[in-house]
Structure formats: structure tokens, C-alpha cells
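*Asks:* Here is the input, now give the coordinates:
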Amino acid sequence: MTRPPRTLVLPPRLTASARTLRATALRRGLRVVEATASAVPEGLGGPGWAESPEWPEGAGPAASTVGTASTASTGSTGSTGGEGHAVHLHAGPSFADVVAPTLGIALLEAPADWLARLPRALTRREIRAMPIDEAYRLRRPAFVKSPNDKSISALVYADGSRLPGPDAVDPATVVLVSDVMTFAVEYRLHLLDGAVHAAGQYAESGRLRLGPADGDALAFGREVLAAAGETLPSAIVVDVGRDDEGRWAVIEANAAWASGCYSADPGRALDTVLRSAGPATDLSPHDRGFVR
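*Replies:* Below is the predicted model:
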């Protein structure tokens, strides 16, 4: 049986990882649409758009052949919605929030307080989720970040007074506040259906350094999934690291649709991306609770 066409939508400016995923998607036979502005290209998502030979200038597919998904997740990542075609997305949050609702794409992400609710044995540090209005009262150094986007820069702040003020941020905005922890090496794990589907090193001593996944990192990823896998969507990215004392800890969870693949196998990383941002009509009952 011929599979319906699938499309991967990309933002106007592509990162190195996005270019890698674009090439991987084209080899797999997906249509690729690269937007020319932070808006849905005219006609994209309308009835019959996937089959139309007349594409708006700058919004046409980079490849029009239809192929099968990779062998790793053929059935689960090639879901079909709408007018017999599936539309997926790989982009940053600001672009995704504009485009996804128009195209009927459900964006999966971890709960805002997921990291704070993990057992201390998995984080090795105190982490709290709180409104930034409460974080302003911090009188000690702390690592502060937004849970699921980059609206609050992920930095070590000397105290709460150094955070963006109420003139720039809604006081109710939730942030994650954690003890400062330094990692000797960091890995990105692409999780799919309760397993580590792809992985790779992305940093060493705080500097970008790409490499293969360490066996201990994979083992720790499986430990995290055993303890907290049910509290995550079926497709997500989790970063883990090891400190100078050899202790493993979860660094953060990120939406797969907005995450770089770094040195991970791009085909398997793409599997995770496709599941994490696909037709809302194809959501599993489990994933419905993790839509952005």
C-alpha cells in the first residue's frame, strides 16, 4: 500500500542541525518546505495543498517524491492526518507557535515542572519550578532557565535581582531554579517510545565538543526512563551529564522538534522529530497530555 505524502516544514533560517535533518528527510522521500518568513506560506495546509502542482513562490517542496519512513519507526512516525497527508515541523518555539496551529500540528513537550519533580538521585541538585516573581527574591547564585523555551536565558545569576525585570517578563512566568552544577561531559538523548533511540555527546567542560554516545550515558538514560518515562511524551530529548566526581545527572528536557541533533544518527533523530511534531489527529491517548 502506498503511503500518503509527508511534509517537513522548516523555518526561514536553518541551523547546521536543521540542514542535516533536511538532507535526511529528502533522502527518506519527504517533501520539505522552507518558509521565507515567520508565517505559514500562502496556501500551505489548505485543502489539496500537498497534491497541488502550483506552489507559491518560495514555499514549494524541495522534493516531491514520496518514500517510506526509516526502518526504526516506520509505523509510528509516518502518521497521516488532514487531507490524507501528514505535516511535521522542526523549528524554534517562536516560529512553531505561529505555524503549528494553522497546520494542525501538535507540539509535544515535557511538563514545565518535569525536571523539578525528578527524584534527587537523578538530578544531584535541588531544582524548583516557581514564578519569576518569586525568583526575584533569591539572594544567592542559582542557575535559572525557562522550562521549555529560551525566553529566560539559561545562565547562572548572582541573585534574583539579575533576572529580567517585570517590565520585560510577566511576573507569573514559570522558571526553573537550580543549584549550580558543573558537568565534565554532556550528552543528548533522543527518546522514542520509552527507549533511547539516538544519542551523542555535545559538550565537554562547558565547550561544544561532538562525539559518540558513551555507554554509561546510555545506561543512565535507561535509568531515567525506568524511573520517569511515563511522565514524558513518547518523543522528547533529554540532556544528561557527568560531573568531575563521576556522578550522572539529568540536565534538562527539550522538545525534540526544537532540538539540534548534534552527533546523533540523523535518521534516528529525525524519527523523534517527526513524532514530536505531527498531526494532532494522530495523537495517542498518552501524548494528548503533553501538547504545548
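
*Asks:* Considering only helices and strands, which part of this structure has the lowest mean pLDDT?
*Replies:* For the chain, using mean pLDDT, DSSP states H and E, the weakest element among its helices and strands is helix 74-77, scoring a mean of 38.

*Asks:* after it, next one along is what?
*Replies:* Counting by DSSP states H and E, the element after helix 74-77 in chain order, helix or strand, is strand 86-89.

*Asks:* What is that following strand packed up against?
*Replies:* Counting by 3 or more C-beta pairs under 8 Å, 6 or more residues apart in numbering; DSSP states H and E, the packing neighbours recorded for strand 86-89 are strand 6-10, helix 93-103, strand 105-107, strand 277-279. (Each C-beta comes from the backbone N, C-alpha and C, glycine too.)

*Asks:* Mind giving me the packing neighbours of the second one?
*Replies:* Under the contact definition 3+ C-beta pairs under 8 Å, 6+ apart, helix 93-103 sits against strand 86-89, strand 105-107.

*Asks:* out of these, deepest packed?
*Replies:* For those, the largest average neighbour count (mean count of other C-beta atoms under 10 Å) is found in strand 86-89, namely a mean of 25.

*Asks:* May I have that strand exported as PDB, CA atoms only?
*Replies:* Output in PDB follows, covering the C-alpha atoms of strand 86-89 (Å, rounded to 0.1, in the frame of the first residue of the first chain):
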ATOM      1  CA  ALA A  86       1.000  14.300   7.300                       C
ATOM      2  CA  VAL A  87       2.700  17.600   8.100                       C
ATOM      3  CA  HIS A  88       5.600  17.800  10.600                       C
ATOM      4  CA  LEU A  89       7.700  20.600  11.900                       C
END
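
*Asks:* For that strand, which strands pair with it and how are they oriented?
*Replies:* strand 6-10 (parallel) (DSSP bridges).

*Asks:* can you give me the mean pLDDT across the partner strand?
*Replies:* Mean pLDDT, taken over the full extent of strand 6-10, equals 96.

*Asks:* still on that earlier bit, of the helices and strands packed on strand 86-89, which approaches residue 181 most closely?
*Replies:* Residue 181 sits nearest to helix 93-103 of all the helices and strands packed on strand 86-89, at 24.9 Å, using C-beta to C-beta.

*Asks:* Buried ones in the closest one, by neighbour count?
*Replies:* Going by neighbour count (16 or more other C-beta atoms under 10 Å), the buried part of helix 93-103 is 93, 95, 96, 98, 99, 100, 103.

*Asks:* OK, contacts around the first one?
*Replies:* With contacts defined as C-beta atoms under 8 Å, 6 or more residues apart in numbering, the neighbours of residue 93 are 148, 149, 150, 255, 258.

*Asks:* So how do I select the buried members of those in ChimeraX?
*Replies:* If you want just the buried ones from the contacts of residue 93 in ChimeraX, going by 16+ other C-beta under 10 Å, the selection is:
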select :148,149,255,258
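
*Asks:* a markdown table for the contacts of residue 93, including distance to residue 135 and pLDDT?
*Replies:* Listed next are those as a markdown table, based on distance: C-beta to C-beta, whole Å; pLDDT from 0 to 100:
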| residue | distance to residue 135 | pLDDT |
| --- | --- | --- |
| 148 | 16 | 88 |
| 149 | 16 | 84 |
| 150 | 17 | 81 |
| 255 | 22 | 98 |
| 258 | 23 | 97 |
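
*Asks:* and the two most separated of the contacts of residue 93?
*Replies:* 150 and 255 (11.4 Å).

*Asks:* if we can go back for a sec, just send the helices and strands packed on helix 93-103 back as a markdown table, with mean pLDDT and distance to residue 230 too.
*Replies:* Putting the helices and strands packed on helix 93-103 into a markdown table (pLDDT from 0 to 100; distance: least, C-beta to C-beta, whole Å) gives the following:
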| stretch | mean pLDDT | distance to residue 230 |
| --- | --- | --- |
| strand 86-89 | 96 | 24 |
| strand 105-107 | 98 | 19 |
